[in-house]
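Engineer: Next one to model:
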Amino acid sequence: MAPLLRTYITRTVLTASLVYTSGWAAYYIYTDTRRRLYISSRTKEFERKVAATSSSSYLHRKGLRTNGTAAGAEEEEKQNGHDLELGEKDADEGDRWKIGHLSEEDKELLKERWASLKIAGRYVNPFFEWREQGAWEWAFWKLVQSPLEAFFLAPAYPTTEIPQELQEVVQPDWKVLRGPSREGRLNYTWIGQSTSFIQMSELNILTDPVFSDRTLAHHPFYGPQRLRPAPCELSELPPIDVVLVSHNHFDHLDIAAVRELGNSVRWFVPLGVKEWFTEQGVQNVIELDWWQSSSFTLPTSNPGKSFRVTATPAMHWSGRIGIDTNTSLWAGMHLEEVFAPSSPSSTTPPPAPLSLFHAGDTGYSKALFKSIGQVFGPISLAAIPIGSYGPSWHLHLHHTDPEGAIRIALDVGARASYGVHWGTWIMSDEPPTLAPQDVWRAKEEMRLKDEDLLRIVNVGRTVELS
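Structural biologist: Prediction:
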């Protein structure tokens, strides 16, 4: 009887494993095939619309009218005595896509191209660079590659030491942070991981709030432990007005911080995350799709001034309990000041608006981030992830490496940018101090001298930008 029972159990386990693996493999093949078809279709539609609007948009900027077709545009150009010189047209079309030059119509074309995409009830990444990754890929990394490297193979990464000053945890500059607000103020403080505290004029902003010692705050003995403590308690910061949440991973969304802040702040989250907040008793939550915006004002703001938050596309994934993988969206967040147009009788123009780009977690996609820059750039301040990218073959798709982070800063037109998402928890294979070294190395290889480009600061450091 015992041998028969063992045989039955073995066959049942093997069959269940085979069915489970085959089911998920079929799901990934199905969704990835549809995803690639969507990408191809969107790209062709984008190129078609760009080609259709090229001549008409050129003539529109020249002050000419057309009948709505490219052929009609050229014909009307000739009738009005203008020669449509190819060189002149090409130069104009080149300026068309430069940061700060895009028309609202062209911005809408980019938004259509990079709209969020949901297949079979789960969100997917509509980007050329992405490929679907199953649990077996993670298992190979953790159960095969890591043990081999630990016991038999040479280390995959060099042994590096980060400068001592960046290992220190410093107190935020409370004199600056608690000082009176003023128009045009811009301060940045890195709290750790992707948590940053930003003061933009009279607005106090917190991103991806995590202050707990472990990523699983409600399980004190589970999850990675902080390599260095948070520089302050959440309650020590000046009153927070707005919290920007990029996605629901534990190292970006701390249940303890959510419960502490509650409904006292405005929460901006991607689609599908609001339900989790409601379960925690928090209702002051605004849910955004990619490119969707929401505006608000503060009682302390000047008349005619508001703030606008827009969720931006990112190449990542979401989930907190395994079975909810990709049922909610992930995003970057763009926040900007908006001033009402000055009256004709006014002699004082409105101040230059400030803006913030919180990239969240993302892999690098050249076409995507150039599009974000074309829609929103130039950007006053950007917080961009630089860590958790090893092994590259597995993680680079959803965690950009330092070189990719530099390119993101350049693509979005960030005047000042800071590297985040490093040196807080060990969540990947590269040494936790390697990311800053790779940033400096990449900047040197790319011959970039701008000190405000992807700066590295130690935890707690407050930087006054304006």
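
Engineer: State the distance from P341 to P349.
Structural biologist: Per CB to CB, to the nearest Å, P341 is found 10 Å from P349. Yep, even glycine has a C-beta here, placed from its N, CA and C like the rest.

Engineer: where does V338 land in three-state SS?
Structural biologist: Of the three states, V338 takes strand according to DSSP: H, G, I helix; E, B strand; the rest coil.

Engineer: count of neighbours near the nearest residue to it once chain neighbours are set aside?
Structural biologist: Spatial nearest neighbour of V338, chain neighbours left out: S306 (4.8 Å); criterion: CB to CB, 6 or more residues apart in numbering. Neighbour count of S306, defined by other CB atoms under 10 Å: 14.

Engineer: ok, S306 to E451 distance?
Structural biologist: Here the distance between S306 and E451 works out to 32 Å (CB to CB).

Engineer: cool, A256 as well?
Structural biologist: Noted for A256: a distance of 36 Å to E451, by CB to CB.

Engineer: where are the low-confidence patches of this protein?
Structural biologist: Where the chain drops to pLDDT under 70, the residues are 1, 55-94, 153-167, 217-221, 343-347.

Engineer: can I see the domain layout of the protein?
Structural biologist: 2-124, 159-464 (automatic domain parsing).

Engineer: Between the two ends of the shortest one, what distance do you get?
Structural biologist: Domain 2-124 has its terminal residues 47 Å apart, counting by CA to CA, to the nearest Å.

Engineer: which residues in the stretch 201-350 of the chain form helices?
Structural biologist: Using DSSP state H, counting those that start in this stretch, the helices of the stretch 201-350 of the chain run over 255-261, 274-279.

Engineer: which one of these lies closest to Y389?
Structural biologist: Y389 lies closest, by CB to CB, to one member of the helices of the stretch 201-350 of the chain: helix 255-261, at 25.6 Å.

Engineer: in that closest one, what's buried?
Structural biologist: Buried positions in helix 255-261, judged by neighbour count with 16 or more other CB atoms under 10 Å: I255, A257, V258, L261.

Engineer: Count the neighbours of the residue nearest to the third one when sequence neighbours are not counted for me.
Structural biologist: What it means is V258. Distances taken as CB to CB, 6+ apart place Q280 nearest to V258, at 5.5 Å, with adjacent residues excluded. As a burial measure, Q280 scores 12 neighbours (other CB under 10 Å).

Engineer: Identify the residues contacting Q280.
Structural biologist: Applying CB atoms under 8 Å, 6 or more residues apart in numbering to Q280 gives the contacts I255, V258, R259.

Engineer: K370 versus the second one, what's the distance?
Structural biologist: Translated: V258. 34 Å.

Engineer: List the backbone torsions phi and psi for the nearest residue to P385 once chain neighbours are set aside.
Structural biologist: What sits nearest to P385 in space, not counting adjacent residues and going by CB to CB, 6+ apart, is H421, at 3.5 Å. Per-residue torsions, H421: phi 60, psi 50 (degrees, to the nearest 10).

Engineer: contacting residues for H421?
Structural biologist: With contact taken as CB under 8 Å, 6+ apart, H421 is in contact with Q193, S194, D361, P385, I386, G387, S388, H399.

Engineer: Just the ones in strands from these, please.
Structural biologist: The strands, defined by DSSP state E, take in P385 from the contacts of H421.

Engineer: S293 - nearest residue in space that isn't next to it in sequence?
Structural biologist: Once flanking residues are discounted, S293 sits nearest to T310: 4.3 Å by CB to CB, 6+ apart.

Engineer: CA atoms only for the host helix or strand of A405, dumped as PDB, please.
Structural biologist: For A405, the element it lies in under DSSP states H and E is helix 402-411. Only the C-alpha atoms of helix 402-411 are listed here, as PDB (Å, rounded to 0.1, in the frame of the first residue of the first chain):
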ATOM      1  CA  PRO A 402      23.400  53.900 -13.800                       C
ATOM      2  CA  GLU A 403      24.100  54.600 -17.500                       C
ATOM      3  CA  GLY A 404      20.400  54.200 -18.300                       C
ATOM      4  CA  ALA A 405      19.600  56.600 -15.400                       C
ATOM      5  CA  ILE A 406      21.900  59.200 -16.800                       C
ATOM      6  CA  ARG A 407      20.200  58.900 -20.200                       C
ATOM      7  CA  ILE A 408      16.800  59.300 -18.500                       C
ATOM      8  CA  ALA A 409      18.000  62.500 -17.000                       C
ATOM      9  CA  LEU A 410      19.200  63.800 -20.400                       C
ATOM     10  CA  ASP A 411      16.100  62.500 -22.200                       C
END
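
Engineer: Does E287 touch K274 like I think?
Structural biologist: Yes - E287 is within contact range of K274, at 4.3 Å (criterion: CB atoms under 8 Å).

Engineer: Tell me the bridge partners for S295.
Structural biologist: R308 (DSSP bridges).

Engineer: thinking again about what came up before, same list (the helices of the stretch 201-350 of the chain) but as JSON lines, adding distance to I406.
Structural biologist: Conversion of those to JSON lines gives the following (distance: least, CB to CB, whole Å):
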{"stretch": "helix 255-261", "distance to I406": "30"}
{"stretch": "helix 274-279", "distance to I406": "33"}
